[in-house]
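[1] With the input below, show me the fold.
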Amino acid sequence: MLKSFFIITMIISVAAMVPIAVQAQEASGIVPRLRLAAEADPKVSVFLRGIGNQINRQRQDRTLRSLLETLYDVAPQGSLTLEQIERRITMDQAKLRAASIGKLLAWDLNADGSISQSERKAFTGNDAVGVELLFARADMDDDGVVSLTELFSYASAEALANVRQSNYEHLMLFDVDQDGTVTASEIVATITALEKDPLIPVSNTERPLTTPSRTPRLICDAPKPTDDSTIIVLSGYEGAALSSVSIVGMDRVTHVGRVVIEPGQKSIYLFLSAHSFMIWDIVGATDRIAGVVVQKGRVQGEAGAGVLGIPQDKVHFVAFNSCLKPIYSIEGGDGIIAYRQMTESLGREPDNMHAHYTIGSISLPSGAGTKVGGEGTDIIIYDGKRYEITPEGPKLIDEAEGQSPGDQPYGASQTFRSLKRFNPGGIRAIDADAVVAPGDATTYDVMPQEAGLLQLLLEQKIRYTRDGFYIISKPIARFPAGLAGAHQVKFMLAEGVQMPSGSSGHSPVYSAETGKCIAGYCR
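    Residues are numbered from 1 along each chain as shown. Okay, here's the model as predicted:
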């Protein structure tokens, strides 16, 4: 009760204290900046659409209260930074991991820190189901025992997946003056700006007359499965790893997800769909595959998807949303609608249907997580030097000029932690010639997002400062793709260094010579 009274009081008092400068000088740029962020990042779009819906329903006080509660919960002094958000995410992850380990240890009947086959067989009902899922996903060495190390690894992965669904990072969208800090007055100013200039129409009557009320559904041209094939559908939002190869050009992000085909006799008709641009790495009993239909990523007219491990004559690509609106869970109404869509599109009911927000490595037909993983993330090569990936960050393996084994530049560990937080699968090294795609598959000259920042740090072309700037000290081919929304950083272009090609996204670029913002989203 006291907390609610405090928040209500803050809404009233903070609204009255919003600086005139913010209201006048800054406020005019709030909505255009948010609109750019929503266009660049679908997750940001979903977050802002939720706020817009609340405002349309005259529930702005409820929205404001929720945002302010989160602000003061993470930053009790009312001044929120990205570092505080990352610290809170780490703390929440630790709590979730601890809670998960506690539940898992309830199956450790003899308290030896592991779960054996005899303990596995001791349970019935829901506990038996839980233990079976644990062995399917956590027994990494396939020795029939889930060790304490494997329990910790499994619990950590579960905790990371859950924390990544939070909206903590989206709070930085309210940084009106772009100084790296969000305050209560900036949140109030943002909600006020969205009331005056909504991101979404208040009603259908406000749509432009030239905009059709309903977009015609695209035709699904997927080949029909044979009667003797098992139809398996897998849908997701994005892959758990970043790809070293792009299927959509140098200025967009490509993810990787792995599908492991389990042994069996029946042939498989596999339908794959993701919202993001994705390369599907298909391994295992691939001789079972009769055909793979891949629904391309979210932009029409582009490659949008790729496949590894399957011959080109067995792969067929269809347009985004033409056969299935991508889903991230088969529970509830979305799953029912998706099941009907696939039945209509393929002319037959799917035999198995699975959906996950993040596709790491999925075994099919069962849908279980697999023991396969880690390829391409233990060792990375940048600028001809090999780096070992450790929990503390990348460390140089070989002796190099001016560097000793184990060296890493300042900021590499922090950048690597951000990379793993957004992409728990890390970086996947892929042969561009092996990718089957409807367009070109090209190796990135600069990797996207945090992987690109890490690459440039290790190549010593940029350096990181204690006040949070990435200094571009040597010429680089381009800005890493995808530095928008929660991936936004700050660049400083050193004197005499040419502006890189590509786009810095929402990341501002300042000139060391003049101190002025010369690219990106400037306040």
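
[2] before we move on, what SS does residue 110 have?
    Under the three-state scheme (DSSP: H, G, I helix; E, B strand; the rest coil), residue 110 adopts coil.

[3] For it, list the residues it contacts.
    The contact partners of residue 110, taken as Cβ atoms under 8 Å, 6 or more residues apart in numbering, are 116, 119. For every residue, glycine as well, the C-beta is placed using N, CA and C.

[4] any idea how far it is from residue 122?
    Distance of residue 110 to residue 122, computed by Cβ to Cβ, to the nearest Å: 10 Å.

[5] biggest helix in this protein by residues?
    Secondary structure of the chain per DSSP state H: the longest helix is helix 82-104.

[6] Centre of the chain to that helix, how far?
    18 Å (Cα atoms, centre = their mean, to the nearest Å).

[7] Does anything pack onto that helix? Which helices or strands?
    Packed against helix 82-104 by the contact rule (3 or more Cβ pairs under 8 Å, 6 or more residues apart in numbering; DSSP states H and E) you find helix 60-74, helix 148-163, helix 412-422.

[8] any idea which of these is most buried?
    helix 412-422 (a mean of 20; mean count of other Cβ atoms under 10 Å).

[9] Where do the strands of the stretch 251-400 of the chain begin and end?
    Secondary structure of the stretch 251-400 of the chain (DSSP state E, counting those that start in this stretch): strands at 255-261, 268-274, 278-284, 289-295, 305-308, 315-318, 352-359, 361-364, 379-382, 385-390, 393-396.

[10] which one of those strands has the lowest average pLDDT?
    Lowest mean pLDDT within the strands of the stretch 251-400 of the chain: strand 379-382, at a mean of 64.

[11] Now do stretch 278-286: everything it contacts.
    236, 238-239, 243, 245, 247, 254-264, 270, 272, 289, 292, 294, 297, 305-310, 359, 363, 372, 428, 430, 435, 437.

[12] of all the strands of the stretch 251-400 of the chain, which lies closest to residue 44?
    For those, the distance to residue 44 is smallest for strand 352-359, at 15.4 Å, taking Cβ to Cβ.

[13] so how many other residues sit close to the nearest residue to residue 307 once chain neighbours are set aside?
    Distances taken as Cβ to Cβ, 6 or more residues apart in numbering place residue 436 nearest to residue 307, at 4.6 Å, with adjacent residues excluded. Residues within reach of residue 436, counting by other Cβ atoms under 10 Å, total 21.

[14] any chance of the helices and strands packed on helix 82-104 in JSON lines, plus distance to residue 34 and mean pLDDT?
    Listed next are those as JSON lines, based on distance: least, Cβ to Cβ, whole Å; pLDDT from 0 to 100:
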{"stretch": "helix 60-74", "distance to residue 34": "14", "mean pLDDT": "84"}
{"stretch": "helix 148-163", "distance to residue 34": "24", "mean pLDDT": "71"}
{"stretch": "helix 412-422", "distance to residue 34": "20", "mean pLDDT": "84"}
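
[15] So for residue 445, which of the ones you listed sits nearest?
    Here helix 412-422 is closest among the helices and strands packed on helix 82-104 (Cβ to Cβ), at 18.0 Å.

[16] related to what we said a few turns ago, write the PyMOL selection for whichever of the contacts of stretch 278-286 are buried.
    Restricted to buried positions by 16 or more other Cβ atoms under 10 Å, the PyMOL selection for the contacts of stretch 278-286 reads:
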select buried, resi 236+238+239+243+245+247+254+255+256+257+258+259+260+261+270+272+289+292+294+297+305+306+307+308+309+310+359+363+428+430+435+437
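
[17] Next, find the distance separating residue 132 from residue 353.
    Residue 132 is 20 Å from residue 353, by Cβ to Cβ.

[18] Please say which of these two ends up with more neighbours.
    Using other Cβ under 10 Å, the more surrounded residue of residue 132 and residue 353 is residue 353, with 20 against 13.

[19] what sits against the closest residue to the more buried one other than its chain neighbours?
    Nearest non-adjacent residue to residue 353, counting by Cβ to Cβ, 6+ apart: residue 233, 4.5 Å away. By Cβ under 8 Å, 6+ apart, the contact list for residue 233 reads 271, 273, 324, 338, 342, 350, 352-354.

[20] On the three-state scheme, residue 233 is what?
    Assigned with three-state DSSP, residue 233 falls in the strand class.

[21] coming back round to it: can you list the buried residues in the longest helix of the chain?
    By 16+ other Cβ under 10 Å, the buried positions in helix 82-104 come out as 82, 84-86, 88-89, 93, 96-97, 100-101, 104.

[22] Next: stretch 174-181.
    174-178, 181.

[23] now stretch 352-372
    353-356, 358-365, 367-371.

[24] do the same with stretch 287-305
    In stretch 287-305, counting by 16+ other Cβ under 10 Å, buried: 288-297, 302-305.

[25] ditto for stretch 271-289
    271-284, 286, 288-289.

[26] thinking again about what came up before, would you check how far apart the residue nearest to residue 353 and residue 362 are?
    12 Å.

[27] any shared contact partners between those two?
    Common contacts of residue 233 and residue 362, defined by Cβ under 8 Å, 6+ apart, comprise residue 354.

[28] Quick one: residues contacting the residue nearest the centre of the chain.
    Closest residue to the average C-alpha location of the chain: residue 422 at 5.2 Å, with Cα atoms, centre = their mean. With contacts defined as Cβ under 8 Å, 6+ apart, the neighbours of residue 422 are 164, 449-450, 486-487.

[29] what about 10 Å?
    Neighbouring residues of residue 422 by Cβ atoms under 10 Å, 6 or more residues apart in numbering: 164, 169, 238, 240, 242, 449-451, 482, 486-487.

[30] now, among these, which is nearest to residue 417?
    Nearest member of those to residue 417, counting by Cβ to Cβ, is residue 450, at 8.9 Å.

[31] Angles on the backbone of that closest one, please.
    Backbone torsions of residue 450, given as degrees, to the nearest 10, read phi -60, psi -30.

[32] For burial, what's the neighbour tally of residue 329?
    With other Cβ under 10 Å as criterion, residue 329 counts 14.

[33] still on that earlier bit, which one of the contacts of residue 233 is nearest residue 116?
    The shortest gap between residue 116 and any of those belongs to residue 354, at 29.3 Å (Cβ to Cβ).

[34] Skipping its backbone neighbours, what lies nearest that closest one in space?
    In space, residue 354 is closest to residue 367, 4.2 Å off (Cβ to Cβ, 6+ apart).
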